[in-house]
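[1] got a predicted structure here, sequence first:
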Amino acid sequence: MSAPNAPAPAAPRKVPAWVLGLVPLLLIAVALGSFLALDGPGIGDRVGPPVEELAVEKTKLEPGTIDLTVRNDGPDAVTIAQAQVNDAFVQFSGADRPIDRLTTATVRLQQPWVEGEAYSVVLLTSTGATIPHEIPVAVATPQNDTGFFGLMALLGIYVGVIPVALGMLWLPWLRRVPPAWMRGLMALTIGLLVFLAIDATLEGFELADTGSQAFGGRALVLIGAVSSFLLLTGVSEYVRGRKARAESDGASGGTLALLVAIGIGLHNLGEGVAIGAAYATGALALGAFLVVGFALHNTTEGLAVVAPVARETPSLRRLALLGLIAGFPAVIGAWIGAAAFNSSVAAFLFGFGAGAIVQVIAQLAPSLRDDEGRTLHPVAVGGMLAGLVLMFGTGLLVSV
């Protein structure tokens, strides 16, 4: 028989949750540390020839010299022993020491070049491996001074801000369109955006193929797309929850217009990066035909921005803000591309723009539903196909 008023047994103390989460990490660290301390038991020295891979990230042409910025993409250090230009050996400087993995070096070739001619450059490593690089058209690299960045700003305004602003002038016409036509116009907007998403993805893949593969290559485009899709989705839901302005068939017109402008702006950011880089290396022909081609191609983006607010009365200030969000990133992109172009960064930005556009398409899709609840009805399908054809036709006028 137990004694009266005996104290209750103490409850066992629970281990804190953060300790339970930390224990596996500590065990992993101990295992890895032991493996390194024992010098990787079971793994012998790698046999066979070294794996030498170099990616040419930047080409700079100045009178009498060709500068190549290269990055080591392979697992082994690379030593540059010789250099050739058009099958002739040339003197070079730079890269005096082996280039370690993921590091960069600048190789300066002593080569008098002629403007407008093509040059084939080959770097030979100490093991006899060859790293080829083509210069299709030799043009002196512009100096990154104030005047040059001013020119890049004008170029971005020409291909981004002005076309979008001109496209937004369709707003008065959209307000007089019968309500039944609006679903077709929203489908046209989605068709325009689908083309931009495809174009941005393909551009990103092309740039990724020319850059360093050690950073992910084409995977950077997909990572950028997924990142922007998730980021914009989170922002959209936050705005919708804060303002409580969601409608039964999707977000409000103002929210949709903002999302469209953001998506197009991110696409134009990537486009501006490519334009600035191409101009800095002399690969872009800045003729009047090219400027007109970009203007026609991007004017349709302005239509996509104002279509969601066709039944509203936004202020001029708000319209101007939407236009800047959609068009001004082309200026920023041109500055980035001209000053510090990197194929891997550009590929990520193109993917980021593509993902943003896909997220906008997902937001616009509910507005296509007809009275029977169908999304892909004949009018919607026809509008989307018309948008694709329109963007494809104007895209033919752009020659880079």
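    Yes, it's here.
[2] now the helices for the stretch 151-300 of the chain?
    Here the stretch 151-300 of the chain has its helices, by DSSP state H, counting those that start in this stretch, at 162-168, 171-175, 179-210, 219-243, 253-280, 288-306.
[3] how much does the fifth one deviate in direction from helix 219-243?
    Here helix 253-280 points in a direction 150 degrees away from that of helix 219-243 (axes from the mean of the first three to the mean of the last three CA atoms, to 10 degrees).
[4] show me what helix 253-280 is packed against.
    Using 3 or more CB pairs under 8 Å, 6 or more residues apart in numbering; DSSP states H and E as the contact test, the elements touching helix 253-280 are helix 146-156, helix 179-210, helix 219-243, helix 288-306, helix 316-327, helix 329-340, helix 343-364. In this view, the C-beta of every residue, glycine as well, is placed from N, C-alpha and C.
[5] run the chain-centre distance for it.
    10 Å (CA atoms, centre = their mean, to the nearest Å).
[6] quick one, it and helix 343-364 angle?
    Angle of helix 253-280 versus helix 343-364, following the same axes, to 10 degrees, is 160 degrees.
[7] what's the most buried one of the helices of the stretch 151-300 of the chain?
    Mean neighbour count (mean count of other CB atoms under 10 Å) peaks for helix 253-280 among the helices of the stretch 151-300 of the chain, with a mean of 26.
[8] tell me the contacts of Leu321?
    If a contact means CB atoms under 8 Å, 6 or more residues apart in numbering, then Leu321 has no contacts.
[9] okay, now stretch 111-119: how far is its last residue from its first?
    This stretch, stretch 111-119, spans 10 Å end to end (CA to CA, to the nearest Å).
[10] report the buried residues of it.
    Buried residues in stretch 111-119, counting neighbours by 16 or more other CB atoms under 10 Å, are found at Gln111, Trp113, Tyr119.
[11] could you list the residues in contact with it?
    Stretch 111-119 is contacted from outside by 61, 64-66, 85-86, 90, 134-140, using CB under 8 Å, 6+ apart.
[12] if I've got this straight, Lys58 is in a strand?
    Yes: counting by DSSP: H, G, I helix; E, B strand; the rest coil, one finds Lys58 located in a strand.
[13] the spatially closest residue to it that is not a sequence neighbour sits in which helix or strand?
    Nearest residue to Lys58 in three dimensions, chain neighbours excluded: Thr69, at 4.0 Å (CB to CB, 6 or more residues apart in numbering). In this structure, Thr69 sits in strand 65-72 according to DSSP states H and E.
[14] partner strands of that strand, with direction?
    According to DSSP bridges, strand 65-72 forms sheet pairs with strand 54-62 (antiparallel), strand 104-110 (antiparallel).
[15] give the buried residues for the first one.
    It refers to strand 54-62. Those buried within strand 54-62 under the rule 16+ other CB under 10 Å are Leu54, Ala55, Val56, Glu57, Lys58, Thr59, Leu61.
[16] ok, the fifth one - contacts?
    Under the criterion of CB under 8 Å, 6+ apart, the contact list for Lys58 reads Asp67, Leu68, Thr69, Phe341, Asn342.
[17] poorly predicted segments of the stretch 1-150 of the chain, please.
    For the stretch 1-150 of the chain, applying pLDDT under 70 flags the ranges 1-13, 39-48.
[18] what's the burial count for the residue lying closest to Ile275 once chain neighbours are set aside?
    Once flanking residues are discounted, Ile275 sits nearest to Ala334: 5.6 Å by CB to CB, 6+ apart. When neighbours are counted by other CB atoms under 10 Å, Ala334 registers 33.
[19] surely Ala334 and Glu271 touch.
    No: in this structure, Ala334 is not within contact of Glu271 by CB atoms under 8 Å, at 9.0 Å.
[20] and the helices and strands packed on helix 253-280: which comes nearest Arg101?
    Comparison of these against Arg101 by CB to CB identifies helix 343-364 as nearest, at 15.2 Å.
[21] for that closest one, packing partners?
    In this structure, helix 343-364 packs against helix 179-210, helix 219-243, helix 253-280, helix 329-340, with contacts taken as 3+ CB pairs under 8 Å, 6+ apart.
[22] now the longest one: average pLDDT?
    Which is helix 179-210. Here helix 179-210 scores 83 as its mean pLDDT.
[23] I'd like to know which elements that helix is packed against.
    Checking 3+ CB pairs under 8 Å, 6+ apart, helix 179-210 ends up next to helix 219-243, helix 253-280, helix 288-306, helix 343-364, helix 378-395.
[24] coming back round to it: for the buried residues of stretch 111-119, which one is nearest Ala153?
    Trp113 (29.4 Å).
[25] how deep is Ala380 tucked in, by neighbour count?
    Residues near Ala380, counting by other CB under 10 Å, number 23.
[26] am I right that it is in contact with Leu185?
    No: distance between Ala380 and Leu185: 10.6 Å, which falls outside the contact criterion (CB under 8 Å).
[27] before we move on, back to that, averaging pLDDT over each of the helices and strands packed on helix 179-210, which comes out lowest?
    Taking the mean pLDDT of these, helix 288-306 comes last: a mean of 66.
[28] hmm, back to that, among the contacts of Lys58, which one lies nearest to Gly191?
    The nearest one, if we look at the contacts of Lys58 relative to Gly191 and count by CB to CB, is Phe341, at 31.1 Å.
[29] with distance to Ile28 as extra columns, can I get the buried residues of strand 54-62 in CSV?
    Below are the buried residues of strand 54-62 laid out as CSV (distance: CB to CB, whole Å):
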residue, distance to Ile28
Leu54, 34
Ala55, 33
Val56, 38
Glu57, 35
Lys58, 39
Thr59, 43
Leu61, 50
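[30] of these, closest to Thr127?
    For the buried residues of strand 54-62, the nearest to Thr127 is Leu54 (12.3 Å; CB to CB).
[31] identify the bridge partners of the closest one.
    Beta-bridge partners recorded for Leu54 (DSSP bridges): Asn72.
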